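> kindly return the folded structure for what I paste below:
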Amino acid sequence: MKAELEQFYSYLETERNVSPHTLAAYRSDLEQFLSFLAREREAPRAEEVDHLAIRRYLAQLHKGCAKSSIGRKLSAIRALFRYLMREGKLEKNPAELVSTPKKEKRLPFHLNIDQVSALVTAPAGSSGLPLRDRAVLETLYSCGIRVSELTGMNVGDMDLAAGLARVMGKGGKERLVPVGSCARSALAAYLAERADPGPAEPLILNARGGRLTRRSVARIVDAHMLLIAAMRKVSPHTLRHTFATHLLEGGADLRAIQELLGHASLSTTQKYTHVSIDKLMEVYDKAHPKARE
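Residues are numbered from 1 along each chain as shown. All right, here's what the predicted structure looks like:
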C-alpha cells in the first residue's frame, strides 16, 4: 500500500491543496494504520483490507487514544479508500462500514476578562521580545485566529489603519477579520522597532529574525501564563475559545462568530452556546427570587 499512500498524499497536496499541517496529520495517521496492517499481514494490499481489520485497529487505539483522535484517524482511512475508489483501484470503501466513535462532550475552557487582561499585559518592557510577545497575545485574543493563521501572516496582510487583517484559513480559504484597538497599538509598537519591514516579510519574527513557529507561540503563552497565575496549562487555542465566548456573552450573533472564526459549519461554532448557557444559569440562580425554592 505504500505506493497508493504516496499517490494519495500527492493528491491531497496538489488537488485538494491541504495545508502542510493537515498533510502531516494524514501522513501520521495513515502510516500508523499501515504499521498495524503490516503486523497482521506482511506487505498488505489495499484490496485485502476489510472493515473487520479497521475495527481491530480502532479497538487497539481505544486503549490509549481519545475518541476525538480515533475519529480523526478513521476519517483519514475513509478519505484514503474514497480516493482509491475514485482511481478505480477499489470497488467499495471498507471504512464506510465502521461507525465513528461518539466524541466526549467537553466545554471549551476559556479565560475570564480579568485573566485575559492580565495575560496580554504580562510582557514587561518597551522594546525587543516583550513588545513582540505583547503583539502576539493581543492579536490572538483580538482576532480569534488560529496559531497557524498568525504565524503564516505577512506584514502586508495587516492593515492597521483600517483595523483589518487578511487571514488564510483552513483549506486555503481567505477571510478578513477586525483587529481591536489594543492589538493595533501593540502591533504598531512592535513593527516600529523593525527596520521598515516590507509587505512580504513575516508579521511576527522569532529571536533569530525568522518566521515565528506554532511551537514558539505556545511557549510564549505558557511563559506569560505562569507569570500571572498558577493555572492549568493554557494553550494559544484557549485565546481563540476566549475570543468566541466573550463575543457570545456580549450578545454577538452566532453566525457572525462563525464567520470571524472561519468555521465551515455552524455546528462547530455552536459548542460555545453551552458556555453561554452556563453563564445564563449562573445569573438566573443568583438573581431570580424563585431560583432556590
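> nearest residue to residue 259 in space, please, no chain neighbours.
In space, and not counting its chain neighbours, residue 259 is closest to residue 175: 7.1 Å by CB to CB, 6 or more residues apart in numbering. Just so you know, the C-beta spots here come from the backbone N, C-alpha and C atoms, and that holds for glycine as well.
> need the contact list for that neighbour.
Residues in contact with residue 175 (CB atoms under 8 Å, 6 or more residues apart in numbering) are 166-167, 169, 259, 262.
> one more pass at 10 Å, please.
145, 149, 165-169, 259-262 (CB atoms under 10 Å, 6 or more residues apart in numbering).
> go on, residue 168?
19, 145, 148-149, 152-154, 157, 174-175, 262.
> what about the residues you listed, which are in strands?
Counting by DSSP state E, the part of the contacts of residue 168 found in strands is 174-175.
> write a PyMOL command that selects only the buried members of the contacts of residue 168.
Selection of the buried residues among these in PyMOL, burial being defined by 16 or more other CB atoms under 10 Å:
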select buried, resi 19+145+148+149+152+153+154+157+262
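> just to revisit the earlier point, out of the contacts of residue 175, flag the one nearest to residue 210.
Closest to residue 210 out of those is residue 149 (17.9 Å), distances taken as CB to CB.
> okay, buried residues for stretch 185-195 please.
186-187, 190-191.
> reformat these as a markdown table; add pLDDT and distance to residue 252.
Shown next, in a markdown table, are the buried residues of stretch 185-195 (pLDDT from 0 to 100; distance: CB to CB, whole Å):
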| residue | pLDDT | distance to residue 252 |
| --- | --- | --- |
| 186 | 95 | 23 |
| 187 | 96 | 23 |
| 190 | 95 | 28 |
| 191 | 95 | 29 |
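> picking that back up, and the least confident of the contacts of residue 168?
Least confident entry in those, by pLDDT: residue 19, with 85.
> what are the bridge partners for the residue nearest to residue 259, then?
Assessed by DSSP bridges, residue 175 has beta-bridge partners residue 167.
> where's it relative to residue 149, distance?
The gap separating residue 175 from residue 149 is 9 Å, by CB to CB, to the nearest Å.
> shared neighbours, these two?
165, 167-169, 262.
> residues making contact with stretch 38-49?
With CB under 10 Å, 6+ apart, stretch 38-49 has contacts from 1-5, 33-34, 36-37, 53, 56-57, 60, 77, 80-81, 84, 89-92, 94-95.
> one step back: identify the farthest-apart pair in the buried residues of stretch 185-195.
186 and 191 (9.7 Å).
> and residue 119, that's in a helix?
Yes. Applying DSSP: H, G, I helix; E, B strand; the rest coil, one finds residue 119 inside a helix.
> wait, it touches residue 236, no?
No. Contact status for residue 119 versus residue 236: not in contact, 11.1 Å apart, counting by CB atoms under 10 Å.
> and for those two, which residues touch both?
Shared contacts of residue 119 and residue 236, defined by CB under 10 Å, 6+ apart, comprise 137, 140-141, 221.
> generate a PyMOL selection restricted to the buried subset of these.
In PyMOL, this line selects whichever of these come out buried by 16+ other CB under 10 Å:
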select buried, resi 137+140+141+221
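> next one: the nearest residue to residue 101 once chain neighbours are set aside from residue 94, what distance?
Once flanking residues are discounted, residue 101 sits nearest to residue 67: 4.3 Å by CB to CB, 6+ apart. According to CB to CB, residue 67 stands 21 Å off from residue 94.
> ok, those two, which is more surrounded?
residue 94 (20 against 14; other CB atoms under 10 Å).
> tell me the contacts of the more buried one?
By CB under 10 Å, 6+ apart, the neighbours of residue 94 are 46-55, 77-78, 81.
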